[in-house]
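K.L.:
sequence and predicted structure, then a few things I'm wondering about:
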2 protein chains.
Amino acid sequence: MSAKRPAARRPTMKDIARRAGVSESAVSFALNDRPGVSEITRDRVRRVAEQLGWRPSTAARALSGEGAATVGLVLARPAHTLGVDSFFLQLVSGIQEILARRHLGLLFQVAQDVDDECAVYRHWWAEHRVDGVLVVDPRTDDPRPALLDELGLPAVVIGGTPGGLHPGLSTVWADDAGAMAALVDGLHALGHRRIAHIAGLPGLAHTERRIRALRAEAGRRGLAEVESVTTDYSDAEGAAVTRRVLEAPAPPTALIYDNDVMAVAGVAAASELGFSVPADVSVVAWEDSALCRMVKPWLSALSRDSVEFGRTAATELTALLDGGPARTVRVPVPRLIERDSTGPARSA
Amino acid sequence: MSAKRPAARRPTMKDIARRAGVSESAVSFALNDRPGVSEITRDRVRRVAEQLGWRPSTAARALSGEGAATVGLVLARPAHTLGVDSFFLQLVSGIQEILARRHLGLLFQVAQDVDDECAVYRHWWAEHRVDGVLVVDPRTDDPRPALLDELGLPAVVIGGTPGGLHPGLSTVWADDAGAMAALVDGLHALGHRRIAHIAGLPGLAHTERRIRALRAEAGRRGLAEVESVTTDYSDAEGAAVTRRVLEAPAPPTALIYDNDVMAVAGVAAASELGFSVPADVSVVAWEDSALCRMVKPWLSALSRDSVEFGRTAATELTALLDGGPARTVRVPVPRLIERDSTGPARSA
DNA sequence: TCCTCACACTCAAGCGCTTTAGTCACGTTC
DNA sequence: GAACGTGACTAAAGCGCTTGAGTGTGAGGA
């Protein structure tokens, strides 16, 4: 009611105790479904709490050993890369859905690089800020799992490799290798023998996984002219690499892009070079989004449910926070949506 | 060193006090640059703290009245709208840059709608989770400013209207009206008389602002055939509306899209209808991104620095947290990048 | 020489919650 | 009728930090 700052005071357990005519301890027991109070009292306390609009102070809770009721997520990508990427926000939205149910907060941070990210984890840990973290963009030779394990911070690696996980961490992973095999299978059936894979950031676990899978498939089928080229995921590099591979003496007849942005840029670059899609060259985007239906020949794309991916990851993390064991769970293999950018290889 | 859980213990001020041979209070004074300790002691304490890797427990800090060292940001948009939007991640990345310097955390949440968002604010407030919030997507007739004011939660409205701000809140805004005026100016000079504005979500403050500005400009110039149509920002609606306006008896010769996604979808739709861009119809996107350089005629676009926008907003919020007065600050007017999608109107 | 004051520092309370160790009244049991 | 449970509740300590109220010391002034 004061003029300057209404600053309504937050009700505390003491207020509830007074109104309900019991001690603070009784209130604590009642509100946390712990034995030690009669049902009658419990009800009364609950009612008073609700009526006062009481919510536990996370700070106080955290201080008395309960944890911060918060999980962390740090995104370490060069700033310009986080532009047009549908995957990430969808992932987060799935994560939120699960966390919100349990009143867990999501502390978000963008970092410069992995070292930076490690520093963030250390800070969060030392400051008691989070109870666990979600790790994205796992790498080959990644320092983060070891660090998190050392800190004893529960974590789930999103998109990790099933094998190489640290004891304490859970992993949710998509079967990139399987998807790549199926993809090559389909292209091979269409007559494609020369395939170029415009991959994402080198060093990312799933990039390497896809590259290895492609090489394995090629080897199995005796396809010699199959290559992977890594990029920074940007439209610029996507276009540049496309031009380079298409200007080679025996250009590929099929292009696999590790994201939608590069695929779109690649199609544009191909057109400029006089290649028609899909007559001269087939194109597949590894990641479906509105983008794929925004360009001339609609792009065939591998589609996965990123929101569900997020839900799964968050669910695993809450399980970990509840004291469950670290697990490795696989999400469904991405499905190929065939649109207009793929077709039979032009016969030589 | 134990087998099961290393769980390294976090050092506390008590540890520092013991090692440095002083009281906890002295440590507190020393570490917070408060008078009450000699420079020698201060140095010693600092050194010990660093050597122990000490960081203040935010929980304890928050509990003793210092605030949670965290600001909140909730995004209330339908899930499918979150997809291909470069603006948001860039904004967040700018925000982070400022917050990280002050060791402020960013609590992020996605909500269903504005009511949901208000509930989140109430929870955050009652749980002592945040010291302030950043409000995005302000609306005409928005319940949030009043709520935040009532709760006494410092806040800055991103993209708000300079006039209608609540006393306690800061606002950072872009001059949409000015940009629209300049835009219409340019189109008018190119001979365009019939202009359609494919706007964003109705009810958003900046949508209404742009619509009003367009109407005002049209009135000033006596252009009768100028209209705004609101959408949900999706590529689907962008295309649909484009088809509708272009199939009218006297179709517009210039289209202004409130985001890049719709502009791209709109160009595709126009082409399908046999309209050539920019010969038959000029197109401008209100938001520049890689997308605009991914389609056939590169799109002319209004470009703003979203990262800088985020920085500005975060800076205002920290000023507010430091006890500064609420302010209204304007960010630079978006600049028109002329590419290939705009040209002179075809003469009737 | 005594008083005063500034300075460097310590004590202890308190923030809101959890939790352990009681206390107390009311049956049961032999 | 004394010993013993048991269920419902309270008292108090503690989590890690801040802060206002002391305490003790040496320098400076009268």
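P.N.:
Happy to help now that I have it. Numbers count the residues shown, from 1 in each chain, chains lettered A, B, ... in the order given.
K.L.:
give me the below-cutoff pLDDT ranges for the stretch 101-250 of chain A.
P.N.:
Along the stretch 101-250 of chain A, segments meeting pLDDT under 70 span A:164-165.
K.L.:
tell me the residues of it that contact chain B?
P.N.:
Counting by Cβ under 8 Å from any Cβ of the partner chain, the residues of the stretch 101-250 of chain A lying close to chain B are A:103, A:105-110, A:122-123, A:125-129, A:149-152, A:234-236. C-betas here are computed from N, CA, C, even on glycine.
K.L.:
so residue A:56 sits against residue B:127, correct?
P.N.:
Yes. The criterion here is Cβ atoms under 8 Å, and residue A:56 meets it with residue B:127 at 6.7 Å.
K.L.:
burial count for residue A:312?
P.N.:
21 (other Cβ atoms under 10 Å in any protein chain shown).
K.L.:
thought it was touching residue A:328?
P.N.:
No. Using Cβ under 8 Å, residue A:312 is not in contact with residue A:328; the gap is 11.6 Å.
K.L.:
can you list residues touching both of those two?
P.N.:
The contact sets of residue A:312 and residue A:328 overlap at residue A:172 (Cβ atoms under 8 Å, 6 or more residues apart in numbering or on different chains).
K.L.:
and residue A:173, helix, strand or coil?
P.N.:
strand (DSSP: H, G, I helix; E, B strand; the rest coil).
K.L.:
check contacts around it.
P.N.:
Residue A:173 touches A:159, A:160, A:161, A:162, A:328, A:329, A:330, A:331, counting by Cβ under 8 Å, 6+ apart.
K.L.:
DNA strand D versus the closest residue in space to residue A:188 that isn't next to it in sequence, what's the distance?
P.N.:
Leaving out its chain neighbours, the residue that sits closest to residue A:188 by Cβ to Cβ, 6 or more residues apart in numbering or on different chains is residue A:221, at 6.1 Å. Per Cβ to the nearest atom of the strand, to the nearest Å, residue A:221 is found 60 Å from DNA strand D.
K.L.:
any quick ChimeraX command for the buried ones out of the residues of the stretch 101-250 of chain A next to chain B?
P.N.:
Written as a ChimeraX command, the selection of buried residues from these, which uses 16 or more other Cβ atoms under 10 Å in any protein chain shown, is:
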select /A:105,106,107,108,109,110,122,123,125,126,127,128,129,149,150,151,234,235,236
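K.L.:
out of the residues of the stretch 101-250 of chain A next to chain B, which are inside helices?
P.N.:
With DSSP state H as the criterion, helices contain A:122, A:123, A:125, A:126, A:149, A:150, A:151, A:235, A:236 from among those.
K.L.:
pipe those residues into CSV and attach distance to residue B:300 per row.
P.N.:
Below are these laid out as CSV (distance: Cβ to Cβ, whole Å):
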residue, distance to residue B:300
A:122, 46
A:123, 44
A:125, 48
A:126, 50
A:149, 52
A:150, 53
A:151, 50
A:235, 18
A:236, 19
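K.L.:
filter those down to the ones close to DNA strand C.
P.N.:
By Cβ under 7 Å from any atom of the strand, no member of those lies near DNA strand C.
K.L.:
which one of these sits closest to DNA strand D?
P.N.:
residue A:126 (8.5 Å; Cβ to the nearest atom of the strand).
K.L.:
OK, contacts around the closest one?
P.N.:
B:10, B:53, B:54, B:55.
K.L.:
I'd say the last one and residue A:123 touch.
P.N.:
The reference is to residue B:55. Yes. Residue B:55 is within contact range of residue A:123, at 6.1 Å (criterion: Cβ under 8 Å).
K.L.:
grab the nearest non-local neighbour of residue A:148.
P.N.:
Residue A:148's closest residue in space is residue A:155 (Cβ to Cβ, 6+ apart), at 4.5 Å.
K.L.:
count of residues packed around that neighbour?
P.N.:
28.
K.L.:
with residue A:178 instead?
P.N.:
13.
K.L.:
show residues contacting stretch A:107-123.
P.N.:
A:70-77, A:79, A:82, A:92, A:124, A:129-130, A:133, A:139, A:142-144, A:147-148, A:151, A:153, B:53, B:55, B:70, B:92-93, B:96, B:100, B:103, B:105-108.
K.L.:
cool, thanks, talk later.
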